[in-house]
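Student: sequence-free structure coming up:
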């Protein structure tokens, strides 16, 4: 069991595919913000998952949070966590409300149709075992009338995560001014002003105008080249031989993960276009979410919105 005195107090809770990775990188580059994980932790959801987190990870799957690193911590006033699924987690909200009373929360939003398609691309890019095309995914969603079923991991990511209205309003209702809402269009339209608004809210100095703000984790697909497939999934006889020659799993990771890494690097690609009929069906299915995003100031106090 690991214990730490340093507790994250700046939570970037999602949703997924809404610019959280870029925002995490930009915020953690500030001298007064420390990020103790390589990427996401989902530490507030650790244990039995409350909902499917991918088409191959059903509700009830075990979530183990990675160990944070505080080796380079220099008493920065803000410790950042980015976990894009915390937005939907009742467990996370309850913990923040009851036990993390000083923490501030950032919620990023996106058009639900764009999020749905980007989520599919993300799973296709990251999950070796997932081989469903966009067309097949959309047809599966259509066959269940675009209704999110928490017990159906194959479609939950694409029908559950784009529905952000209810979860967003819960966090705002429970935590009020401790929350800031940032639509992804604000990040895209004026990254610099959006980031400095967040820093101002945190009582931190703004970034200089010449600060580079590269975008991270943009669209792509798994590299289909034979060499890349070989690195991702070596033949069983090679795997078994390596286990015999290097019995320690820790040493295998140290030696072979860097060698295999190029096979997991995504290849930049565009998503297939939607035909007019499917787009119309999706606009109907996500009508409430689209209206929410287009009229945020009708639902949420404008003082907690960051929009550029």
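Tutor: Right, received. Where do you want to start? Please read these numbers as outputs of a predicted model, since none were measured by experiment.

Student: Go ahead and confirm residue 283 touches residue 290.
Tutor: Yes - using Cβ atoms under 8 Å, residue 283 is in contact with residue 290, at 6.7 Å. The way it works is simple: take the backbone N, C-alpha and C, and place the C-beta from them, glycine included.

Student: Pull up the overlap in contacts between these two.
Tutor: residue 113 (Cβ atoms under 8 Å, 6 or more residues apart in numbering).

Student: who has more neighbours, the two?
Tutor: residue 290 (18 against 12; other Cβ atoms under 10 Å).

Student: Surely that one is in a strand?
Tutor: No - assigned with DSSP: H, G, I helix; E, B strand; the rest coil, residue 290 falls outside any strand and is helix.

Student: and it, what does it touch?
Tutor: Residues counted as contacts of residue 290 (Cβ under 8 Å, 6+ apart) are 111, 112, 113, 283.

Student: switch to 7 Å and redo it
Tutor: 111, 112, 283 (Cβ atoms under 7 Å, 6 or more residues apart in numbering).

Student: Then residue 199?
Tutor: Going by Cβ under 7 Å, 6+ apart, residue 199 touches 30, 206, 207.

Student: nearest to residue 48, of the contacts of residue 290?
Tutor: residue 112 (27.1 Å; Cβ to Cβ).

Student: count of neighbours near residue 95?
Tutor: Neighbours around residue 95, by other Cβ under 10 Å: 16.

Student: Isn't it up against residue 45?
Tutor: No - counting by Cβ atoms under 7 Å, residue 95 stays clear of residue 45, with 9.5 Å between them.

Student: Thought residue 121 was touching residue 271, still the case?
Tutor: Yes - the pair residue 271 / residue 121 is scored as a contact, 5.6 Å apart, by Cβ under 7 Å.

Student: These two - which one has more neighbours?
Tutor: Shown here are residue 271 and residue 121; by other Cβ under 10 Å, residue 121 has more neighbours (21 against 15).

Student: Could you report the separation of the more buried one from residue 140?
Tutor: Distance check for residue 121 against residue 140: by Cβ to Cβ, to the nearest Å, it reads 16 Å.

Student: same thing with residue 181?
Tutor: Remark: distance between residue 181 and residue 140 (Cβ to Cβ) = 31 Å.
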